[in-house]
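Enquirer: Predicted model, plus sequence, below.
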Amino acid sequence: MIAQNFDYLTPVSLAEAFDLLNDPGAKVMAGGMSLIPMMKLRLAAPERVVDLRHVPGLNKIQQDGAMLRIGAMTTHHELESTPLVRAACPLLAQAAAAIGDVQVRNVGTIGGSIAHADPSADYPAALQALEAEIRIAHRGGERTVLAKDFFQDTFTTALEPNELIVEISVPLEAKCTGASYQKMLQPASGFAIVGIAARVSMDGGKVSMVRVGVTGLGGSSYRAANVEALLVGSEGSAADIGKAAAVVAEGIDANSDIHASAEYRAHLARVYTARALSAAIARAEAQ
Amino acid sequence: MKKSITVTINGTKHTHDVEPRLLLIHYLREVVGLTGPHIGCETSICGACTVSVDGKAIKSCAMFAVQADGREILTIEGLSADGKLHPVQQAFWEEHGLQCGYCTPGMIMASKQLIERNPSPTESEIRHGLEGNLCRCTGYQHIVAAVKAAAAKMGA
Amino acid sequence: MATTITKLDTLVGRKIKRKEDPRLITGTATYVDDIQMPGMYHACIVRSPHAAAHIRGIETKAALELPGVVAVYTGADVKDVGPVPCGASLPGLRVPHHHILAQDRVYYVGHPVAVVVARDRYIARDAVDLIEVDFDPTDAVADPEKALAEGAPAVHPQWPDNIAFNYHQENGEVDKVFAEAEVVVKQRITSQRLIPCSMETRGVVADYRSGEKALTIYSSSQIPHLMRSLVAGMLGIPENKLRVVAPEVGGGFGCKLNVYAEEALMGFIAIRTGKPVKWIESRREHMQATIHGRGHVDYYEIAARRDGVITGIKLKLIQDLGSYHQLLTPVIPTLSVLMMPGLYRCKTVRADIVGVFTNCVPTDAYRGAGRPEATHGIERMVDILAAELKMDPVEIRLKNFIHSDEFPYATGTGLMYDSGDYTKPLKTALEMANYNELRAEQTKARAAGRYMGIGLSTYGEICAIGPSPATPAGGWESATVRVEPSGTVTVLTGIKPQGQGEETTFSQIAADELGVGFDDVVVMHGDTSVVQYGIGTFGSRATAIGGTAMYLAIQELKTKIKRFGAMLLDSDDVSYANGRCTCNKSGKSVSLAEIAGAAHRAMKLPANTEPGLVASNFWEPPNFTFPFGAHIVVTEIDKDTGAIEIRRYIAVDDCGKVINPLIVAGQVQGGVVQGLGQALYEHGIYDDSGQLLTGEFMDYAIPKASMSPNIEMASTETPTPVNPLRVKGVGEAATIGCSPAVVNSVVDALSPLGVRHLDMPLTSEKIWKVLQGGRA
Ligand SMILES: Cc1cc2nc3c(=O)[nH]c(=O)nc-3n(C[C@H](O)[C@H](O)[C@H](O)COP(=O)(O)OP(=O)(O)OC[C@H]3O[C@@H](n4cnc5c(N)ncnc54)[C@H](O)[C@@H]3O)c2cc1C
Ligand code: FES
Ligand code: FES
């Protein structure tokens, strides 16, 4: 478990980071919680590691109108524990708290997690349900990509080489909206066998808005639009939820491994979708 | 390719030239000579290598020594530097929170973080708060008791 | 200066904080990987990625050219070293020659093929990538039943049937009993492969002094003396030129009750290079190349009367041996046979073992070693029989227990159970659980469509292993007790703890016996040049046998102490208590320190008495000991996901006399959670091609704190007559009691669906499938 040698670089500005990343052998590092294990397994062997730790301004959490803007270098622990996030976007705090363990959460970052795009990672489900906007910078410019377009496949995102995630924006939780993240843990690694994020708004006893993000089931996280379509406009009863949750795995080529077969994962996705929706509705109604 | 790093470890400044790929755990154990933190898995699961960096518990098998440049590290050896056991150490002793002791330095460092963030944790909070640390000997029950006892003492 | 204090309290039986702990909680203990030596080399082993392959060639040139690489050795270099020893002897046993590095073939994933020696471990690791081994993979077989099938690939070509041995044992008129039985139940029951996962992996440092022709091996071992004998043989050096030191050992659970290729390999390197060398097993290597446990496929049949009395037990045991025999590999299943009647009176038994080679790492002793498999089997079968007869599992056990007035009890498998009162822990556990209320709650839960289970196991154990005729290398244990000139006490014991806390329990006993303070006793172990020959720590033997050897040495010492005391007091009527020798007539007394001083200065000696205060004892136990207990587990199943919740865990254990309740509680808790790991989570999985799918902690789930229950505990104390301390042993007990209790509970929960048996581990998915299909 020893990495191949590399050169270690610590830029102090984004501009310098882009300069350093201009080299095809360079790889950016945030918390290193995914990158370092890959390097130790020699599945990754960058010649240069560009550590963003000294680049200022990448770990701010700020409210901006109806949005919460989160710097890419914000750690999982900061997200789960910052009062502003817990109050304004509890779904994200809940997803952050579900990640790995304390030591990993102390170091790992949201930018690193979503750039890595592990099919079993927790944030992607939440970001899908939140319709998050991911701000990506490159030398001399930036663009914003929606979560649904960002996560493309297993370990594959919309990021181009030499691009960096700088910020993730999520909507503040609106009135009468509730959300919940529900996860079945792989007992050894703690990653999600499936993880479901649900966001629901209730209006006059009816579901006026619903978003469902899914992780762990397929090659990439996704938004379950079919579930949403079945539930919106309903009363959100147990029967409504059951009917909607039943379709969450439709058309998905479910993952299969020693921890869960495809069939079981698909089943779990349905169960956890129902659980996340019920919890979200209960919270929405409690508001 | 070597980098010069300066790290404050248990209150003492250390400066060394290290290969960037040198893991912090190997740096602590083999360069600085602090063999309290252990290696149990090298895959960031077991937590035996847990130390505190700038006040945060981290797994030192998942960090390069160069990343610690300019930071403050506390290892198990530094907990009782003045010769007096830290309340968490004392509680592990009194509650028999260890058997072979291999997981213990990491377990104590993680428990310390847990209590700092949650001064009166419930049993369930302790069990979940220690999910980054494996122990093959104790079955955890006495560890839970130790954390509770330490929390009570530290709160008092 | 004498620190002997007069004290009246006894320490035995009390919760005493461990004296091991100060070094462990401050990070100042020395485990193998903490050893640093000037100029020390590091070794990294090249292992086979294939389960079965021919080695066509090995290219080492690029590795040797890497700066910092000192040497690369392959099978050819070490073909005369070894073989890795198998201590077992069974009639007709086939023993493959186990080279320390593969010769022309590899037999399992992880099989060592070559070793790189370099100046540091990073360079050694880099060099491994530069070694090219030309493998020609062949068909492999990883499942023992498949290995027995016609046409299966031969693990060792010279034995195409893959059978290493057959073993038969029988007592009573088995055929007749089964023919006449009112009821017969049958079940196939597996005990899956488990990976020991001591948190400290294995590790070896070897240091050779060429001037003295003396080799020192530091190894994380449970058996330093046996290792010395065996490794000296492997390397062809005189035994008295080899010193083995087992420093602090970070857990063993049986996997360090062994001698592996690496000890001899590091010894070979140290001798060849003249420099110290270190090898530390990576976690992946631990999963691939350290022994696994269990690996049983058992076919049980039980004959019984309609009233629930068991009349006969038949077992066909297929043992997955892996590709080689490690130290005890083939004898482990024979322990299962010994234990197969459990706590029950039935003496009519038949067992057939077939030991099967597979292209996997060898199985060997892992916490319980053969006994958990047997207990799991009988405890499951008793429940199956109870279900068949519609009896309560408590009632059927009470009906079959050996009665407390029947001890010593000769079993049908050749054991003599020492003492027991099996209803006692069961009754205690039932009271703690409030069993009748639980059953009432279960009835309600079932009516409400919930799956709640109540399961129990009443288990027995063979501990204090064991009389020498029953072990391959001696079953005695040794101790030397010295009173130093100042009056402090040093104990040298042949056992080798790995967390069990004998420095503490032995100090308690010694302090009580000699009337000195707890802190005045130092217990030393694990260094063959310090401690007289000993056997080691395994089979829950350390206190029962090693403690007894110490106790007897102390008794001898006390006689001598009294002789010196009598001389100093000028009396022929003295007694010794509380660290003082007192003249019974005058009431005058002298302290142990004064006596020790006199015995060492030796200005004057009692008649026929040598100077000094030291005594040694090598104690051969007359029998094993047989602890027992009862565990009750309440589970509830999440109908939607199949996830199992352990609602309550009750453990009542009887391990004979308790020296330190804190330590016994720790052993029970740790044991339960290891048993729970087997019951719910752990499985060393090989795919059909012999690839290990659970090769890291990312995939092999040992229980975390959040997955472990809070255990409600009690104990009963039934002393053993086998040793003067009256202790039985507790290291493995709870592991043995746990897995059947958990599985019985889950099967009970699902019994309304017609479920009669489920094989471990009881993963959520497995349970969900049962819920889907109604049957496993
Ligand atoms: C033991 C363990 C358990 C874990 N359990 C979970 C879990 O339960 N759920 C879960 O979701 N995750 C889990 N993780 C993964 C964890 O969340 C990681 O922190 C995260 O995946 C990576 O974040 P990082 O900051 O450490 O990124 P790094 O490891 O530094 O980087 C990851 C990748 O992202 C790239 N990258 C980093 N930052 C940026 C950026 N700003 N712009 C562009 N690219 C960037 C890197 O080049 C690299 O390819 C676990 C990890 C460990 C070690
Ligand atoms: S060694 Fe670092 S987590 Fe196991
Ligand atoms: S005390 Fe041995 S691993 Fe925890």
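Expert: That came in fine, so what should we check first? Ligands and ions are numbered 1, 2, ... in the order given.

Enquirer: for the stretch 601-750 of chain C, what spans make up the helices?
Expert: Ranges of helices in the stretch 601-750 of chain C, per DSSP state H, counting those that start in this stretch, are C:661-676, C:733-750.

Enquirer: Specify the beta-bridge partners of the closest residue to C:R647 other than its chain neighbours.
Expert: Once flanking residues are discounted, C:R647 sits nearest to C:V634: 4.3 Å by CB to CB, 6 or more residues apart in numbering or on different chains. Glycine gets a C-beta too; all of them are placed from N, C-alpha and C. C:V634 has these beta-bridge partners by DSSP bridges: C:I454, C:R648.

Enquirer: On the three-state scheme, the residue in chain C that ligand 3 sits nearest to is what?
Expert: Residue of chain C nearest ligand 3, by CB to the nearest ligand atom: C:M199 (3.8 Å). Classification of C:M199 by DSSP: H, G, I helix; E, B strand; the rest coil places it in coil.

Enquirer: which ones are touching it?
Expert: Residues near C:M199 by CB atoms under 8 Å, 6 or more residues apart in numbering or on different chains: B:38, B:40, B:46, B:48, B:100, B:102-103, B:134-137, C:250-251.

Enquirer: same thing but 10 Å
Expert: Neighbouring residues of C:M199 by CB atoms under 10 Å, 6 or more residues apart in numbering or on different chains: B:38-41, B:46-48, B:100-104, B:106, B:133-137, C:250-251, C:283, C:499, C:702.

Enquirer: Count the neighbours of the nearest residue to it once chain neighbours are set aside for me.
Expert: The shortest distance from C:M199 to any non-neighbouring residue, by CB to CB, 6+ apart, is to B:Y102 (4.3 Å). For B:Y102, the count of nearby residues is 32 (other CB atoms under 10 Å in any protein chain shown).

Enquirer: Am I right that B:Y102 is in contact with C:S198?
Expert: Yes - at 7.6 Å, B:Y102 and C:S198 qualify as touching, with contact defined as CB atoms under 10 Å.

Enquirer: Highest mean neighbour count out of the helices of the stretch 601-750 of chain C?
Expert: helix C:733-750 (a mean of 29; mean count of other CB atoms under 10 Å in any protein chain shown).

Enquirer: hmm, back to that, intersect the contacts of C:M199 with the contacts of ligand 2.
Expert: By CB under 6 Å from any ligand atom, the members of the contacts of C:M199 lying near ligand 2 are B:I39, B:G40, B:C41, B:C46, B:G47, B:A48.

Enquirer: and which of those residues is nearest to chain A?
Expert: If you rank those by distance to chain A using CB to the nearest CB, B:G47 comes first, at 6.4 Å.

Enquirer: Could you look up the SS state of the closest one?
Expert: What three-state DSSP gives for B:G47 is coil.

Enquirer: And the pLDDT at it?
Expert: B:G47 carries a pLDDT value of 98.

Enquirer: got it, and C:I5?
Expert: Reading off the model, C:I5 has pLDDT 42.

Enquirer: residues from chain A in reach of ligand 1?
Expert: Taking CB under 6 Å from any ligand atom as the measure of proximity, chain A contacts ligand 1 at A:27-35, A:37, A:72, A:99-100, A:104, A:108-109, A:111-113, A:115-116, A:118, A:121-123, A:159, A:164-165, A:190-191.

Enquirer: 5 Å instead, please
Expert: A:27-35, A:72, A:99-100, A:104, A:108-109, A:111-113, A:115-116, A:121-122, A:164-165, A:190-191 (CB under 5 Å from any ligand atom).

Enquirer: Keep only these that also lie close to ligand 2.
Expert: Restricting these to those touching ligand 2 (CB under 5 Å from any ligand atom) yields no residues.

Enquirer: Now the residue in chain B positioned nearest to ligand 1. Nearest residue, chain neighbours left out?
Expert: In chain B, the residue that lies nearest ligand 1 is B:S44 (3.7 Å; CB to the nearest ligand atom). Once flanking residues are discounted, B:S44 sits nearest to B:A62: 4.2 Å by CB to CB, 6+ apart.

Enquirer: in terms of contact, does that neighbour touch B:C46 like I think?
Expert: No - taking contacts as CB under 10 Å, B:A62 lies outside contact range of B:C46: 11.2 Å.
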